[in-house]
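# Quick check, what structure comes out for this input:
(2 chains)
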2 protein chains.
Amino acid sequence: MNTENQDEQFMRKALVEAQAAFDEGEIPVGAIVVCRGRIISRAHNLTETLTDVTAHAEMQAITAAANALGGKYLTDCTLYVTVEPCPMCAGAIGWAQIPRIVYGAPDEKRGYRRFAPDVLHPKATAIGGVLEEECRTLMQEFFKKRR
Amino acid sequence: MNTENQDEQFMRKALVEAQAAFDEGEIPVGAIVVCRGRIISRAHNLTETLTDVTAHAEMQAITAAANALGGKYLTDCTLYVTVEPCPMCAGAIGWAQIPRIVYGAPDEKRGYRRFAPDVLHPKATAIGGVLEEECRTLMQEFFKKRR
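Okay, here's the model as predicted:
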(Lines give C-alpha, C1' and ligand atoms only; values in the text may rest on other atoms or scores of the structure.)
Protein backbone atom coordinates (compact mmCIF):
# COMPACT_ATOMS: atom_id res chain seq x y z
CA MET A 1 0.00 0.00 0.00
CA ASN A 2 1.43 3.41 -0.87
CA THR A 3 1.80 6.15 1.72
CA GLU A 4 -1.13 8.16 0.43
CA ASN A 5 -3.55 5.28 0.82
CA GLN A 6 -2.10 4.46 4.20
CA ASP A 7 -2.55 8.05 5.34
CA GLU A 8 -6.19 7.94 4.27
CA GLN A 9 -6.68 4.64 6.04
CA PHE A 10 -5.32 6.01 9.30
CA MET A 11 -7.23 9.27 8.89
CA ARG A 12 -10.42 7.18 8.73
CA LYS A 13 -9.59 5.90 12.21
CA ALA A 14 -9.11 9.47 13.40
CA LEU A 15 -12.48 10.29 11.85
CA VAL A 16 -14.11 7.51 13.87
CA GLU A 17 -12.78 9.30 16.96
CA ALA A 18 -14.03 12.65 15.68
CA GLN A 19 -17.48 11.13 15.15
CA ALA A 20 -17.42 9.86 18.74
CA ALA A 21 -16.70 13.43 19.91
CA PHE A 22 -19.57 14.68 17.75
CA ASP A 23 -21.95 12.16 19.30
CA GLU A 24 -20.91 13.32 22.77
CA GLY A 25 -21.56 16.99 21.98
CA GLU A 26 -17.85 17.79 21.76
CA ILE A 27 -16.23 19.78 18.94
CA PRO A 28 -15.54 16.85 16.60
CA VAL A 29 -11.79 16.39 16.43
CA GLY A 30 -10.16 12.97 16.57
CA ALA A 31 -6.51 11.93 16.68
CA ILE A 32 -4.50 8.75 16.57
CA VAL A 33 -0.82 8.01 16.98
CA VAL A 34 0.75 5.38 14.75
CA CYS A 35 4.10 3.80 15.59
CA ARG A 36 5.75 1.69 12.88
CA GLY A 37 2.45 0.93 11.20
CA ARG A 38 0.54 0.17 14.37
CA ILE A 39 -2.02 2.39 16.12
CA ILE A 40 -0.83 2.93 19.68
CA SER A 41 -3.37 5.53 20.84
CA ARG A 42 -6.76 6.92 19.86
CA ALA A 43 -8.44 9.96 21.37
CA HIS A 44 -11.04 12.61 20.75
CA ASN A 45 -11.73 16.05 22.08
CA LEU A 46 -13.14 15.98 25.62
CA THR A 47 -12.94 19.62 26.69
CA GLU A 48 -16.62 19.81 27.67
CA THR A 49 -16.82 16.41 29.32
CA LEU A 50 -13.69 17.02 31.38
CA THR A 51 -14.24 20.78 31.80
CA ASP A 52 -10.66 21.22 30.69
CA VAL A 53 -9.35 23.32 27.80
CA THR A 54 -6.26 21.13 27.63
CA ALA A 55 -8.25 17.97 26.76
CA HIS A 56 -7.83 18.30 23.00
CA ALA A 57 -7.68 15.08 20.98
CA GLU A 58 -3.97 15.48 20.19
CA MET A 59 -2.97 16.11 23.82
CA GLN A 60 -4.68 12.97 25.00
CA ALA A 61 -3.35 10.92 22.08
CA ILE A 62 0.20 12.04 22.89
CA THR A 63 -0.15 11.27 26.60
CA ALA A 64 -1.63 7.84 25.84
CA ALA A 65 1.01 7.06 23.21
CA ALA A 66 3.83 7.90 25.63
CA ASN A 67 2.15 5.68 28.17
CA ALA A 68 1.89 2.83 25.65
CA LEU A 69 5.55 3.13 24.67
CA GLY A 70 6.91 3.83 28.14
CA GLY A 71 8.81 6.88 26.92
CA LYS A 72 7.88 10.49 26.38
CA TYR A 73 9.53 10.99 22.98
CA LEU A 74 7.47 9.72 20.06
CA THR A 75 10.29 9.80 17.54
CA ASP A 76 9.05 6.81 15.50
CA CYS A 77 5.46 7.98 15.34
CA THR A 78 3.03 9.76 13.05
CA LEU A 79 0.16 11.75 14.51
CA TYR A 80 -3.07 11.85 12.52
CA VAL A 81 -5.62 14.47 13.44
CA THR A 82 -8.80 15.46 11.63
CA VAL A 83 -8.24 19.22 12.01
CA GLU A 84 -5.03 21.27 11.90
CA PRO A 85 -3.60 21.40 15.43
CA CYS A 86 -3.83 24.59 17.49
CA PRO A 87 -0.62 26.16 18.90
CA MET A 88 -1.05 24.30 22.21
CA CYS A 89 -1.22 20.93 20.49
CA ALA A 90 1.51 21.81 18.02
CA GLY A 91 3.69 22.76 21.00
CA ALA A 92 3.04 19.35 22.55
CA ILE A 93 3.79 17.66 19.19
CA GLY A 94 7.07 19.57 19.16
CA TRP A 95 8.00 18.56 22.71
CA ALA A 96 7.20 14.92 21.91
CA GLN A 97 9.50 15.19 18.86
CA ILE A 98 6.89 13.61 16.60
CA PRO A 99 8.54 13.66 13.17
CA ARG A 100 5.41 13.44 11.00
CA ILE A 101 1.98 15.04 11.36
CA VAL A 102 -0.94 14.40 9.02
CA TYR A 103 -4.04 16.53 9.38
CA GLY A 104 -7.36 16.72 7.57
CA ALA A 105 -9.02 20.12 7.45
CA PRO A 106 -6.85 23.24 7.73
CA ASP A 107 -7.85 25.71 10.46
CA GLU A 108 -7.06 29.14 9.13
CA LYS A 109 -8.46 30.87 12.21
CA ARG A 110 -6.92 28.99 15.11
CA GLY A 111 -4.37 26.65 13.55
CA TYR A 112 -0.71 26.55 14.53
CA ARG A 113 0.46 27.67 11.09
CA ARG A 114 -1.02 31.08 11.72
CA PHE A 115 0.12 31.55 15.31
CA ALA A 116 3.19 29.40 15.75
CA PRO A 117 4.52 28.19 12.38
CA ASP A 118 7.92 27.18 13.81
CA VAL A 119 6.76 25.30 16.88
CA LEU A 120 7.03 21.78 15.50
CA HIS A 121 10.35 19.95 15.74
CA PRO A 122 12.69 21.45 13.10
CA LYS A 123 12.91 18.11 11.26
CA ALA A 124 9.19 17.36 11.41
CA THR A 125 7.03 17.25 8.30
CA ALA A 126 3.36 18.21 8.26
CA ILE A 127 0.86 17.22 5.59
CA GLY A 128 -2.62 18.73 5.44
CA GLY A 129 -5.69 17.99 3.38
CA VAL A 130 -6.00 14.22 3.89
CA LEU A 131 -9.75 13.43 3.75
CA GLU A 132 -10.14 17.18 4.15
CA GLU A 133 -13.73 17.26 2.93
CA GLU A 134 -14.98 14.67 5.41
CA CYS A 135 -13.07 16.20 8.31
CA ARG A 136 -14.38 19.67 7.54
CA THR A 137 -17.97 18.52 6.96
CA LEU A 138 -18.11 16.98 10.42
CA MET A 139 -17.00 20.29 11.95
CA GLN A 140 -19.51 22.27 9.90
CA GLU A 141 -22.34 19.91 10.84
CA PHE A 142 -21.46 20.35 14.49
CA PHE A 143 -21.51 24.14 14.42
CA LYS A 144 -24.66 24.20 12.27
CA LYS A 145 -26.45 22.04 14.85
CA ARG A 146 -25.34 24.36 17.63
CA ARG A 147 -26.63 27.57 16.11
CA MET B 1 -0.61 45.74 49.67
CA ASN B 2 0.24 47.03 46.21
CA THR B 3 0.13 44.82 43.12
CA GLU B 4 3.90 44.55 42.84
CA ASN B 5 4.27 43.17 46.35
CA GLN B 6 1.31 40.87 45.81
CA ASP B 7 2.85 39.54 42.60
CA GLU B 8 6.09 38.81 44.46
CA GLN B 9 4.18 37.12 47.24
CA PHE B 10 2.39 34.81 44.82
CA MET B 11 5.55 34.19 42.84
CA ARG B 12 7.14 32.92 46.07
CA LYS B 13 4.41 30.28 46.19
CA ALA B 14 5.18 29.32 42.60
CA LEU B 15 8.85 29.11 43.59
CA VAL B 16 7.96 26.66 46.36
CA GLU B 17 6.45 24.47 43.63
CA ALA B 18 9.52 24.92 41.43
CA GLN B 19 11.72 23.83 44.35
CA ALA B 20 9.56 20.72 44.77
CA ALA B 21 10.14 19.91 41.08
CA PHE B 22 13.89 20.45 41.60
CA ASP B 23 13.91 18.07 44.55
CA GLU B 24 12.16 15.41 42.42
CA GLY B 25 14.71 15.70 39.61
CA GLU B 26 12.30 17.59 37.36
CA ILE B 27 13.16 20.77 35.44
CA PRO B 28 12.25 23.26 38.18
CA VAL B 29 9.20 25.17 37.05
CA GLY B 30 6.30 25.93 39.33
CA ALA B 31 2.93 27.56 38.71
CA ILE B 32 -0.07 28.69 40.68
CA VAL B 33 -3.45 30.07 39.68
CA VAL B 34 -4.95 32.85 41.77
CA CYS B 35 -8.64 33.72 41.60
CA ARG B 36 -9.74 36.95 43.29
CA GLY B 37 -6.81 36.93 45.69
CA ARG B 38 -7.04 33.25 46.57
CA ILE B 39 -4.76 30.45 45.34
CA ILE B 40 -6.96 27.83 43.67
CA SER B 41 -4.26 25.54 42.24
CA ARG B 42 -0.57 24.79 42.61
CA ALA B 43 1.52 22.56 40.37
CA HIS B 44 5.02 21.81 39.26
CA ASN B 45 6.58 20.22 36.25
CA LEU B 46 6.16 16.43 36.24
CA THR B 47 7.24 15.46 32.72
CA GLU B 48 9.77 12.88 33.94
CA THR B 49 7.65 11.41 36.71
CA LEU B 50 4.61 11.03 34.45
CA THR B 51 6.62 10.27 31.27
CA ASP B 52 4.51 12.92 29.57
CA VAL B 53 5.69 16.01 27.71
CA THR B 54 2.34 17.68 28.37
CA ALA B 55 2.78 17.62 32.17
CA HIS B 56 4.22 21.14 32.42
CA ALA B 57 3.45 23.09 35.59
CA GLU B 58 1.10 25.51 33.80
CA MET B 59 -0.94 22.75 32.12
CA GLN B 60 -1.56 21.01 35.41
CA ALA B 61 -2.30 24.26 37.22
CA ILE B 62 -4.89 25.17 34.56
CA THR B 63 -6.56 21.75 34.69
CA ALA B 64 -6.67 21.85 38.49
CA ALA B 65 -7.98 25.43 38.57
CA ALA B 66 -10.82 24.56 36.17
CA ASN B 67 -11.61 21.61 38.36
CA ALA B 68 -11.67 23.80 41.48
CA LEU B 69 -13.95 26.37 39.84
CA GLY B 70 -16.15 23.89 37.98
CA GLY B 71 -15.69 25.76 34.70
CA LYS B 72 -13.05 25.69 32.01
CA TYR B 73 -12.67 29.45 31.52
CA LEU B 74 -10.41 31.13 34.06
CA THR B 75 -11.49 34.67 33.27
CA ASP B 76 -11.04 35.99 36.83
CA CYS B 77 -7.65 34.44 37.36
CA THR B 78 -3.97 35.27 37.25
CA LEU B 79 -1.44 32.58 36.42
CA TYR B 80 1.97 32.84 38.08
CA VAL B 81 4.78 30.75 36.69
CA THR B 82 8.47 30.83 37.50
CA VAL B 83 9.63 30.64 33.86
CA GLU B 84 8.13 32.16 30.71
CA PRO B 85 5.58 29.70 29.30
CA CYS B 86 6.36 27.67 26.18
CA PRO B 87 4.00 27.84 23.16
CA MET B 88 2.07 24.78 24.36
CA CYS B 89 1.36 26.32 27.75
CA ALA B 90 0.69 29.76 26.28
CA GLY B 91 -1.82 28.12 23.97
CA ALA B 92 -3.56 26.57 26.96
CA ILE B 93 -3.50 29.92 28.77
CA GLY B 94 -5.15 31.41 25.70
CA TRP B 95 -7.86 28.73 25.52
CA ALA B 96 -8.58 29.20 29.23
CA GLN B 97 -8.95 32.95 28.59
CA ILE B 98 -6.70 33.80 31.52
CA PRO B 99 -6.48 37.60 31.44
CA ARG B 100 -3.23 38.07 33.37
CA ILE B 101 0.02 36.11 33.34
CA VAL B 102 2.99 36.84 35.58
CA TYR B 103 6.24 35.01 34.97
CA GLY B 104 9.67 35.05 36.56
CA ALA B 105 12.60 34.28 34.26
CA PRO B 106 12.23 34.94 30.53
CA ASP B 107 13.01 31.98 28.26
CA GLU B 108 14.55 33.40 25.13
CA LYS B 109 15.14 29.98 23.61
CA ARG B 110 11.82 28.20 24.07
CA GLY B 111 9.41 30.83 25.36
CA TYR B 112 6.11 31.67 23.70
CA ARG B 113 7.20 35.22 22.87
CA ARG B 114 9.66 33.85 20.35
CA PHE B 115 7.45 31.20 18.77
CA ALA B 116 3.87 32.31 19.29
CA PRO B 117 3.71 35.95 20.43
CA ASP B 118 -0.01 36.29 19.61
CA VAL B 119 -1.27 33.10 21.18
CA LEU B 120 -2.54 34.56 24.45
CA HIS B 121 -6.06 35.95 24.60
CA PRO B 122 -6.06 39.34 22.79
CA LYS B 123 -7.00 41.17 25.99
CA ALA B 124 -4.52 39.35 28.22
CA THR B 125 -1.57 41.09 29.82
CA ALA B 126 1.74 39.39 30.54
CA ILE B 127 4.36 40.63 32.99
CA GLY B 128 7.83 39.10 33.17
CA GLY B 129 10.76 39.49 35.52
CA VAL B 130 9.03 39.04 38.89
CA LEU B 131 11.64 37.44 41.19
CA GLU B 132 13.49 36.77 37.97
CA GLU B 133 16.85 36.18 39.65
CA GLU B 134 15.56 33.49 42.00
CA CYS B 135 13.54 31.76 39.28
CA ARG B 136 16.52 31.72 36.92
CA THR B 137 19.02 30.61 39.56
CA LEU B 138 16.94 27.52 40.34
CA MET B 139 16.96 26.57 36.65
CA GLN B 140 20.70 27.19 36.34
CA GLU B 141 21.41 25.10 39.46
CA PHE B 142 19.38 22.26 38.00
CA PHE B 143 21.20 22.18 34.68
CA LYS B 144 24.60 22.62 36.38
CA LYS B 145 23.88 19.57 38.55
CA ARG B 146 22.91 17.54 35.51
CA ARG B 147 26.05 18.16 33.50
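
# use CA for all of it now, contacts and neighbours both
Will do.

# What's opposite residue A:35 in the beta bridge?
residue A:38, residue A:77 (DSSP bridges).

# For it, the count of nearby residues, please.
Per other CA atoms under 10 Å in any protein chain shown, the neighbour tally for residue A:35 reads 17.

# contacting residues for it?
Contact criterion CA atoms under 8 Å, 6 or more residues apart in numbering or on different chains gives A:76, A:77, A:78 as the residues in contact with residue A:35.

# The residue nearest to residue A:15 when sequence neighbours are not counted: neighbour count?
Once its chain neighbours are removed from consideration, residue A:15 has its nearest residue in residue A:30; the separation is 5.9 Å (CA to CA, 6 or more residues apart in numbering or on different chains). Residue A:30 has 31 neighbouring residues, counting by other CA under 10 Å.

# cool, residue A:66 as well?
Residues lying near residue A:66 (other CA under 10 Å) number 22.

# close enough to count as contact, it and residue A:74?
Yes. Assessed by CA atoms under 8 Å, residue A:66 is found in contact with residue A:74 at 6.9 Å.

# Return the member of the contacts of residue A:35 nearest to residue A:132.
Nearest to residue A:132 among the contacts of residue A:35, counting by CA to CA, is residue A:78 at 17.5 Å.

# Compute the number of surrounding residues for that closest one.
25.

# which residues touch it?
Taking CA under 8 Å, 6+ apart, we find residue A:78 in contact with A:33, A:34, A:35, A:98, A:99, A:100, A:101, A:102.

# Likewise for residue A:11?
Contact partners of residue A:11, counting by CA under 8 Å, 6+ apart, are A:80, A:81, A:82, A:103, A:104, A:130, A:131.

# need the residues of chain A near chain B, please.
Within chain A, the positions near chain B by CA under 8 Å from any CA of the partner chain are A:51-54, A:59, A:62-63, A:66-67, A:70-73, A:86-92, A:95-96, A:115-119.

# in chain A, which spans are strands?
Here chain A has its strands, by DSSP state E, at A:30-35, A:38-44, A:77-83, A:100-105, A:125-127.

# now the helices for chain A?
Assigned by DSSP state H, the helices in chain A fall at A:3-23, A:57-69, A:87-95, A:112-115, A:132-146.

# Can you tell me which helices and strands the last one packs against?
Contact partners of helix A:132-146 among helices and strands, from 3 or more CA pairs under 8 Å, 6 or more residues apart in numbering or on different chains; DSSP states H and E: helix A:3-23, strand A:77-83, strand A:100-105.

# again, only this time at 6 Å
Here helix A:132-146 is seen to pack against strand A:100-105 when contacts are counted using 3 or more CA pairs under 6 Å, 6 or more residues apart in numbering or on different chains; DSSP states H and E.
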